[in-house]
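> have a look; sequence and predicted model below, questions after that.
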Amino acid sequence: MNASIIVLILVAVYTGWRVFQADSMVRATFALLVSFIAVAGIGVILSVPYIGVATVFMMAVEMMVMAIFMVAFMMNSAGLNPMSMVHQEKPAMAAGLLTWLGLSAAVLTSRLPDNPVPADNRAVRDLGIELLGDSMLTFETGGVALLATMVGAVILSSRRGRYGPADEGAQPPGLMAGGAPAGRRPEEGGGHHHGHGGHDMGGGEMGGHDMGGHGSGSEAGGEDMHAGHDMGGQDMDGGHGTGGASMADARPNMTGHEAHGGMEPGSAATGGADADDPHRAHRTAGTGGTSQQGHGAMGHSAPGAGEDARQEHGPADDPDSHRGDKRR
Amino acid sequence: MTLTIVLLGAAALIGLGVYGALSQQSFVMLMMGLELILNGALLAIMGFWSLGLGGMPEGQLLAIIVMAVMAVEMSIGFALVVAVYRKRQADMTESLGTLKE
């Protein structure tokens, strides 16, 4: 019995060493499989037949999967030319040797128990009774852990994320039905389109949009302009919050806007829209502020108010404005 | 005597696994090192059960738990390798240094 165990241990250790020496990844995988099978053989000799045979079954499948992954991921799976892909090899070897020698010293110096399995022991039957008897909770917990593993593996390896393609960043659903995505947008979100849209509109209105009119409108008007400037000029991060801010302020600012529309002949159409749809008109006015001159004047007119508006209403999000942005 | 031999073999397997897990650059090879460590643990558990516990069934249960850990380690490990490869085109440990910065 000892001789066969020694032989199997030597086989297991040698093939375990070959795992890290083989040029071919597939050969390394099969070396590991042989190592596992040798250990399973020791188990069968040591009268743990169920564990040994289950190890063989499990490892045969597992190593096949591993071989497939090896071929899929490694550049040199066939082992046609020698290769060595190691880092920090000396410390690693020292750590391995230290582990081996330390554990061996512990084995050799400690008093080991001596209570072998009786010859008439029915190991597999005992294991079955134990698994579905006293240790059932442990066993079932293992089953749940494996289920969680399956779910986790599927989620991790899935190309599709929770809210869309995982490679492109997540898009959470809107807070309201059909609304804009909740939370922060990914880096390449609609912010750029928004900005361009704002610029275009600003360019169209630039002639009629004189800053004097705005400054005299009201402080609330200045606030809005600042918001519009954030939406257009800055990145998406601020863009959202300020989109919400201008919407939230729409009602109090109505007077300021109408005054603004009336003052400017160039944006008469905008003024008309104002009356019908305060939201849209407001937004247009805000984006008008994106024009370069407007934005400069704006910064001077009421910078503090703009900051306040951004901070207070930053998280507020308006679905309408976002949908409009996307269409633009 | 037999138990000593088995435990020495287990110590050698664990030492080999530590070397492999620390030295290999490829994720898959690194996982093979981890598997070798678990292999040594399994061998030690079987030796202790067979020669030191007098046939207590809980020892076999521990071996089954080790096998479940192997399955969990491998499936989650491969899923992580696939996810990392999709995201970063990386299959070596050196390619993933972003958390250092």
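Received it, and whenever you're ready, just let me know what you need. Numbering: from 1, shown residues only, chains lettered A, B, ... in the order given.

> so where is the chain shaky, pLDDT-wise?
Just so you know, I chose chain A. Within chain A, the stretches with pLDDT under 70 are A:74-84, A:161-173, A:181-328.

> my bad, chain B
Where chain B drops to pLDDT under 70, the residues are B:101.

> biggest helix in it by residues?
Longest helix in chain B by number of residues (criterion: DSSP state H): helix B:57-88.

> check which residues of that one are buried.
By neighbour count on 16 or more other C-beta atoms under 10 Å in any protein chain shown, the buried set for helix B:57-88 is B:57, B:59-85. Any C-beta I mention is one placed from the backbone N, CA and C, and that applies to glycine too.

> so which of those residues reach chain A?
Residues of those in contact with chain A (C-beta under 8 Å from any C-beta of the partner chain): B:57, B:60-61, B:63-65, B:67-68, B:70-72, B:74-76, B:78-83, B:85.

> other SSEs contacting the longest helix of chain B?
The elements that helix B:57-88 packs onto, with contact taken as 3 or more C-beta pairs under 8 Å, 6 or more residues apart in numbering or on different chains; DSSP states H and E, are helix A:49-73, helix A:123-131, helix A:136-157, helix B:27-52.

> quick one, what contacts residue 46?
Looking at chain A here, since you left the chain open. For A:Leu46, the contact set (C-beta atoms under 8 Å, 6 or more residues apart in numbering or on different chains) comprises A:5, B:6, B:46-47, B:49-51.

> to clarify, I was referring to chain B.
A:39, A:42-43, A:46, A:48, A:51-52, B:6, B:63.

> select only the buried ones of those residues in ChimeraX?
Restricted to buried positions by 16+ other C-beta under 10 Å, the ChimeraX selection for the contacts of B:Met46 reads:
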select /A:39,42,43,46,48,51,52 /B:6,63
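
> what about residue 53, neighbour count?
Because you didn't say which chain, this covers chain A. Residues near A:Val53, counting by other C-beta atoms under 10 Å in any protein chain shown, number 14.

> actually chain B
By other C-beta under 10 Å, neighbour count at B:Leu53 equals 18.

> nearest spatial neighbour of it, skipping sequence neighbours?
Excluding the flanking residues, the one nearest B:Leu53 by C-beta to C-beta, 6 or more residues apart in numbering or on different chains is B:Gly59, at 4.8 Å.

> just A:Thr138 next, same as before
Leaving out its chain neighbours, the residue that sits closest to A:Thr138 by C-beta to C-beta, 6+ apart is B:Leu61, at 6.4 Å.

> now do the one you found against A:Met150, distance only.
According to C-beta to C-beta, to the nearest Å, B:Leu61 and A:Met150 sit 22 Å apart.

> out of the helices and strands packed on helix B:57-88, which is closest to A:Phe20?
Nearest to A:Phe20 among these is helix B:27-52; the distance by C-beta to C-beta comes to 7.2 Å.

> got the contact list for the residue nearest to B:Leu53?
B:45, B:48-49, B:53.

> most surrounded residue in those residues?
Neighbours here mean other C-beta under 10 Å. Within those, the largest count is held by B:Trp49, at 26 neighbours.

> what distance do you get for it to chain A?
Using C-beta to the nearest C-beta, to the nearest Å, B:Trp49 is found at 6 Å from chain A.

> residues contacting that residue?
Taking C-beta under 8 Å, 6+ apart, one finds A:46, A:48, A:117, B:55-56, B:59-60, B:62-63 in contact with B:Trp49.

> same check, this time on B:Val72
Taking C-beta under 8 Å, 6+ apart as the criterion, B:Val72 is in contact with A:145-146, A:149.

> buried subset of the residues you listed?
Buried members of the contacts of B:Val72, scored by 16+ other C-beta under 10 Å, are A:Thr149.
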